[in-house]
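Asker: This is a predicted model, with the sequence first.
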Amino acid sequence: MSQFLEFTVLGLILGSVYAISATGLVVTYTTSGVFNFAHGAVGMIAAYGYWELVTHHVPGALAMVLVVLVAAPVFGVFIEWLLMRRLLGDTGERPVMVTLGLLAILIGLALVLFGENRGDTLSPLVNGTIRILGVGVTAQDLVIAGSAAAIAAALRVLFHSFRLGVALRAVVDDPELLATAGASPVAMSRTGWVLGSVLAALAGVLLAQQQQTSLDTYTLALLVVSGFAAAVFGRLRSVPLTYAGGLVLGLAVVYFGSYAQPHLGTLGPDLSAALPMIFLFAALIALPSVRLRAVGRLSTLRPPRVATGWESLIAAGAFCLVALACSMTLTGTVAGGTSSFGVILDHTMAYGIVGLSLVLLVGYAGQVSLCQFAFMGIGAFLMGKVAGGGSLLGLLLAAVVCAALGALIALPTVRLRGLYFTLATFAFADAAYTGIFPDTRVLGQGLNVGQIVLPGLSFGSNRAVFLLLAAAFVLTALLVLAIRRSLLGRRLVALQDSPAAYATVGLNAAFTKVAVFAIAAGLAGLAGALYGTAAGTVGTSDFDIFTGVVFVLFVVVWSVRTVSGAFLAALSFAVLTHVWTNGVGLFAGAGIVLVGWTPNGILGIGPLARLVPERWIGRRHRATGDAGSLVGVVDGREGEIRAAG
Amino acid sequence: MSGQRLPAAPPITVDGVRAGYGRIEVLHGIDLQVPAGSIFALLGPNGAGKSTLLKVIGGHVRATAGEVHLGDLPVGGRSVEHLARLGLCTVPEGRGVFPNLTVRENLRIWTYSARIPLGEVEERTYTAFHRLADRRQQAAGTLSGGEQQMLALSRALVSDPSVLLVDELSMGLAPLVVAELYEMVGELAARGMTVLLVEQFVTTALAVATRAAIMTNGRITAEGSPSEMAEAALSAYLAS
């Protein structure tokens, strides 16, 4: 019994940690309609700021005030002005991308300024130990538990009993209507971001103090990730439910780790780390869709002109000639290793195929997936394990099994729209990365994938492997463009424009969504298998969830709706990861700021738009009722319907 | 004038206003004089530009040429929230309520321009619309269409505006509810405010209006007394 009590107290404290970060997420979402993936990163920067002040002999309490009540509000005002104002009310993919970009830029900044691991710990704000129900609890833990409860209670009162709190909720519903009532939507949005930043900073410093390990950029930035499940439990709206969700999750993790995991022994991978994400996935599937409403209004883009069959073939031919020329510089055998240039070329092709899967999924279908790198990892695993590694069967199975797995994941999640779908893919990616890949029977630190052998063809040389990857990229690009020109492609655009209209003409939206997700998963699996065979050995770190997220940003920055965008994203990503690792996040983050201004990415900017086959001709439109403009799909062709009045 | 409220029931002067969306011009030089203290009905078929003109007057859409004055106050360059605090009340097209907030919370938002405490806002609203009193803790989005319009119109009731702009109040509502709402518009006007109604249902609007104009294709094509406009409206609708 005493052991149960001990686990319960520990679970409640862990739950308070989840709750304190999750309530901040809910506050930002409630007041801005944006799910802030960078919430933890803001906390991480605050923790580093606090550490800097304390090491310069500023008293802890004063440092806390300076970071939480001075620096954090200024930061909130700044990001609202720079990034968020143009996104107010937008339910498209841009808000998610912009906050992911902010996550990348803050992590990149921290890596440059502080390194990956500071090697220091933050001393707690308060010291000492207190016994509760016979269990020893540190004063710092009590501060966290008390803060979590106090914040939840204070926010509940603010949002329901004060005019400011009600207006903060109202601005997400209808900013224009709020203005007609005499309140400034911009001021409300700014206040929301200030409040969110203050809570992020408070959580960051408190949790960094509670962590007994040294200050670690990634750990701190992603600490909030475990709170996602609690936030979804509160439907991203209710602070009390989020707090309760945090406590339940904390208890579940501690009970599972203490009672269930020991009995599983070596039968399965250690699921304790992945439990919050499994909870998130379960919560997204279990909660009625009516409770998972997205806030804000629809915004849409005019789709790009799609290259014709002939244009695609000419571009593919030209690409093959360039690839052939590049391959001439490659020498040596796979076993003997390859040059940095060779690695960059191989990675460009493999990442390029993942980029193409994102064009299909995000660009054409409007489904933002963050788990393509997880499918890559599974593809590499199959390539390494099937028939002793490096076989044609392994290559085929990588694509087929990933497609099947994609369909399996998509089936229960297709009813989720927008952000919630993205969160489900994030949960899967994180569970795979933290719970499955590290197992030595899966990827561990390194899995020998083996040299690929195809019937009648030898791929012993670096040149041959690159040409194989380049051929796979070209064929995938032609496939993706062919899909876009096909009936399925037109259906994807129609479905993205108006799911309701899509259903009313008798088309099955669920089938289309599952099909496209499965195809994209299969392509990512294929890319993983090819990546593995080119690298020889792959480990968990090759399919890092954060790297996967940053790659999505690269594709969006260049243009997620064009094949050219996927290629340039893969090329720049491969080059930067080899030349300046810390700069990868900074580039993605800086680029994503652009997306706030030019939704079509770099390839959508003025003269550049005319250089690519699938050029952008449109600009952002917002459906606003009368005299607005609507983008419609008429008989498979994109047309614009305007109603002025 | 920046901090002062508008005088009671000022005239609305629209002088050569052109406006549109992007490169599409919707209003092609509108001249209109809404007399002080009148109930002015702006009629016309779909797509005539009525709502756009209302948005220009309310500060939502900027005029590319011309100017709008509320009394002596030029509208151009002022934010919507500033105009609201000066005494301009807009009941927008559709349901001008926050669907995820309760009735009471919506009323709390109205206090930004009402300048009276929430208790008084509630008392005035529930006295005029008894049905809302029973629904005070209900999310506005779950109310019937008529109840939502009552809640939207309550803004004018509690903020004592100088100018009231109402866009398609009757849209999608049963005739009895529409009659009740327009009765309230008449009562509001009697308190001393200038009312500009945009409406497609001619008889409904003309029954309460003291003056009216017809708009077609972004231009004012006729203006006069309600009885004069009844026939002009019919031909405008048939022509469209």
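Answerer: Okay, I see it. Computed from a prediction, not measured in an experiment: that's the story for all the values here.

Asker: Mind listing what's buried along the helix or strand hosting residue A:513?
Answerer: Per DSSP states H and E: residue A:513 is located in helix A:509-535. By neighbour count on 16 or more other CB atoms under 10 Å in any protein chain shown, the buried set for helix A:509-535 is A:509, A:512-535. C-beta coordinates here come from the backbone N, C-alpha and C atoms, glycine included.

Asker: again with stretch A:454-474
Answerer: For stretch A:454-474, using 16+ other CB under 10 Å, the buried residues are A:459, A:461-470, A:472-474.

Asker: contact partners of it?
Answerer: By CB atoms under 8 Å, 6 or more residues apart in numbering or on different chains, the surrounding residues in contact with stretch A:454-474 are A:316, A:319-320, A:323-324, A:326-328, A:330-335, A:338, A:342, A:345-346, A:349-350, A:352-353, A:356, A:392, A:451-453, A:526, A:530, A:533-534, A:567.

Asker: pLDDT score assigned to residue A:241?
Answerer: With respect to pLDDT, residue A:241 scores 92.

Asker: Could you do the one 5 residues further on as well?
Answerer: You'll see residue A:246 listed with a pLDDT of 91.

Asker: In helices, which of the buried residues of stretch A:454-474 appear?
Answerer: Members of these lying in helices (criterion: DSSP state H): A:462, A:463, A:464, A:465, A:466, A:467, A:468, A:469, A:470, A:472, A:473, A:474.

Asker: Which helix or which strand is home to residue 52?
Answerer: You didn't pick a chain, so chain A it is. Going by DSSP H and E, residue A:52 is in helix A:39-55.

Asker: Wait, chain B was what I had in mind.
Answerer: Counting by DSSP H and E, the element that carries residue B:52 is helix B:50-58.

Asker: so what secondary structure elements neighbour that helix?
Answerer: Contacts defined by 3 or more CB pairs under 8 Å, 6 or more residues apart in numbering or on different chains; DSSP states H and E place helix B:50-58 against strand B:12-21, strand B:24-34, strand B:39-43, strand B:65-70, strand B:88-91, strand B:163-167, strand B:194-199.

Asker: got the angle between it and strand B:163-167?
Answerer: Computed by axes from the mean of the first three to the mean of the last three CA atoms, to 10 degrees, the angle separating helix B:50-58 from strand B:163-167 equals 160 degrees.

Asker: Would you mind pulling the contact partners of helix B:50-58?
Answerer: Helix B:50-58 is contacted from outside by A:180, A:626-627, A:644-645, B:12, B:14, B:17, B:19-20, B:26-27, B:30, B:32, B:42-44, B:61-63, B:68, B:70, B:75, B:80, B:83, B:88, B:90, B:93, B:165, B:167-168, B:196, B:198, B:215, B:218, using CB under 8 Å, 6+ apart.

Asker: Write a PyMOL command that selects only the buried members of those residues.
Answerer: A single PyMOL command selects the buried members of the contacts of helix B:50-58 (16+ other CB under 10 Å):
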select buried, (chain A and resi 180+626+627+644+645) or (chain B and resi 12+14+17+19+20+26+27+30+32+42+43+44+61+63+68+70+75+80+83+88+90+93+165+167+168+196+198+215+218)
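
Asker: my guess is residue A:200 contacts residue A:22, does it?
Answerer: No: Residue A:200 is beyond contact range of residue A:22, at 11.5 Å (criterion: CB atoms under 8 Å).

Asker: Which helix in chain A has the most residues?
Answerer: Under DSSP H, chain A gives helix A:2-32 as its longest helix.

Asker: Now do residue B:113, the pLDDT please.
Answerer: Looking at residue B:113, its pLDDT stands at 83.

Asker: got it, and residue A:214?
Answerer: The model's pLDDT for residue A:214 equals 69.

Asker: swap in the one 3 residues further on?
Answerer: For residue A:217, the pLDDT comes out at 80.

Asker: same deal with the one 4 residues further on?
Answerer: In this prediction, residue A:221 carries a pLDDT score of 79.

Asker: now swap in the one 10 residues further on and tell me
Answerer: Model confidence at residue A:231, expressed as pLDDT, equals 88.

Asker: doesn't residue A:242 make contact with it?
Answerer: Yes: the criterion here is CB under 8 Å, and residue A:231 meets it with residue A:242 at 5.5 Å.

Asker: Looking at those two, which one has more neighbours?
Answerer: residue A:231 (33 against 30; other CB atoms under 10 Å in any protein chain shown).

Asker: residues in chain B within reach of chain A, list them.
Answerer: For chain B, the residues in contact with chain A (CB under 8 Å from any CB of the partner chain) are B:20-22, B:24, B:26, B:46-52, B:58, B:60, B:79-81, B:84-85, B:89-90, B:92-94, B:96-101, B:105, B:108-113, B:118, B:155, B:159.

Asker: what's the distance between stretch B:121-131 and the middle of its chain?
Answerer: Relative to the chain's own centre, stretch B:121-131 is displaced by 20 Å; criterion: CA atoms, centre = their mean, to the nearest Å.

Asker: So which bits of it are buried?
Answerer: For stretch B:121-131, a neighbour-count test (16+ other CB under 10 Å) marks B:121, B:122, B:124, B:125, B:126, B:128, B:129 as buried.

Asker: quick one, what contacts the fourth one?
Answerer: The reference is to residue B:125. By CB under 8 Å, 6+ apart, the contact list for residue B:125 reads B:107, B:132, B:151, B:154, B:157, B:158.

Asker: Local confidence estimate at it?
Answerer: On pLDDT, residue B:125 comes in at 92.

Asker: any idea of the pLDDT on residue 120?
Answerer: If you meant another chain, say so; for now it's chain A. Per-residue pLDDT puts residue A:120 at 73.

Asker: Chain B was what I was after
Answerer: On the pLDDT scale, residue B:120 gets 91.

Asker: How about the one 10 residues further on?
Answerer: Reported pLDDT at residue B:130 in the predicted model: 89.

Asker: ok, now residue A:310?
Answerer: Note on residue A:310: pLDDT of 84.

Asker: And the one 4 residues further on, by the same measure?
Answerer: The predicted local confidence for residue A:314 comes out at a pLDDT of 88.

Asker: Okay, it and residue B:143: tell me how far apart.
Answerer: Residue A:314 sits at a distance of 60 Å from residue B:143 (criterion: CB to CB, to the nearest Å).

Asker: The two: who's more crowded?
Answerer: Ranked by neighbour count (other CB under 10 Å), residue A:314 and residue B:143 place residue B:143 first, with 21 against 13.

Asker: so which strand or helix has the residue nearest to the more buried one when sequence neighbours are not counted?
Answerer: In space, and not counting its chain neighbours, residue B:143 is closest to residue B:135: 6.1 Å by CB to CB, 6 or more residues apart in numbering or on different chains. Using DSSP H and E, residue B:135 sits in no helix or strand.

Asker: so how far is chain A from residue B:135?
Answerer: 17 Å (CB to the nearest CB, to the nearest Å).

Asker: can I assume that residue is in contact with residue B:106?
Answerer: No: taking contacts as CB under 8 Å, residue B:135 lies outside contact range of residue B:106: 10.7 Å.

Asker: Neighbour count: those two, which is higher?
Answerer: Each of residue B:135 and residue B:106 has its neighbours counted (other CB under 10 Å); residue B:106 has more, 29 against 20.

Asker: which SSE is the more buried one in?
Answerer: helix B:103-114.

Asker: next helix or strand past that helix?
Answerer: Reading on from helix B:103-114 to the C-terminus, the next helix or strand found by DSSP H and E is helix B:118-128.

Asker: Return the distance of that next one from the chain's centre.
Answerer: In terms of CA atoms, centre = their mean, the centre of helix B:118-128 is found 21 Å from the chain centre.

Asker: just the CA coordinates of it, formatted as CSV?
Answerer: Taking Å, rounded to 0.1, in the frame of the first residue of the first chain, the C-alpha atoms of helix B:118-128 are listed here in CSV:
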residue,chain,number,x,y,z
LEU,B,118,-22.7,43.8,-17.2
GLY,B,119,-25.7,43.7,-14.8
GLU,B,120,-27.4,46.6,-16.6
VAL,B,121,-26.6,45.1,-20.0
GLU,B,122,-28.2,41.9,-18.9
GLU,B,123,-31.3,43.6,-17.5
ARG,B,124,-31.9,45.7,-20.6
THR,B,125,-31.4,42.7,-22.9
TYR,B,126,-33.6,40.2,-21.0
THR,B,127,-36.3,42.8,-20.6
ALA,B,128,-36.5,43.3,-24.4
